[in-house]
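J.: kindly return the folded structure for what I paste below:
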Amino acid sequence: MLPAGLEYVDSWVDLEFSKCFQLMRTTDAALLDAWIGEWNDLVAFEVVAVQSSAEAGRAMAGEQR
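T.: Coordinates of the predicted model:
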């Protein structure tokens, strides 16, 4: 049920099996919203934008992405 342009990268599950963290990749947040819309009747979502540690290091050094 992934829209074209939204990529599933990986998942992690906490030790109590109560939360699943999914890493998704897209350049279009609307695709993520569409995917969430297909599942939000079954699952609660929290969306957090992240970057790789290499990207964070470059940003902290003042380099362009």
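
J.: quick one, longest helix in this protein?
T.: As assigned by DSSP state H, the longest helix anywhere in the chain is helix 29-39.

J.: could you name the helices and strands sitting against it?
T.: Helix 29-39 makes packing contacts with no helix or strand when contacts are defined by 3 or more CB pairs under 8 Å, 6 or more residues apart in numbering; DSSP states H and E. Bear in mind the C-beta positions are built from the backbone N, C-alpha and C, glycine included.

J.: next, the closest residue to Cys20 other than its chain neighbours: phi, psi?
T.: The shortest distance from Cys20 to any non-neighbouring residue, by CB to CB, 6 or more residues apart in numbering, is to Val13 (5.1 Å). As for Val13, its main-chain torsions (degrees, to the nearest 10) stand at phi -120, psi 140.

J.: coming back round to it: going by neighbour count, list what's buried in the longest helix of the chain.
T.: Buried residues in helix 29-39, counting neighbours by 16 or more other CB atoms under 10 Å, are found at 31-32, 35.

J.: ok, those vs Glu63, which is closest?
T.: Nearest to Glu63 out of the buried residues of helix 29-39 is Leu32 (CB to CB; 26.6 Å).

J.: hmm, that closest one is touching Thr26, no?
T.: Yes - with contacts counted by CB atoms under 8 Å, Leu32 reaches Thr26, the gap being 5.7 Å.

J.: shared neighbours of these two, which are they?
T.: Leu6 (CB atoms under 8 Å, 6 or more residues apart in numbering).

J.: quick one: pLDDT of Ala34?
T.: Turning to Ala34, the model gives it a pLDDT of 95.

J.: which residues touch it?
T.: 3, 6.

J.: and Met60, how far from Ala54?
T.: Separation of Met60 from Ala54 (CB to CB, to the nearest Å) stands at 11 Å.

J.: and the gap between the residue nearest to Cys20 and Thr26?
T.: As for Val13, its distance to Thr26 is 22 Å (criterion: CB to CB).

J.: who's more crowded, those two?
T.: Between Val13 and Thr26, counted using other CB atoms under 10 Å, the more crowded position is Thr26 (14 against 11).

J.: so the more buried one sits against Tyr8, correct?
T.: No - look at Thr26 against Tyr8 with CB under 8 Å: they stay out of range, at 10.3 Å.
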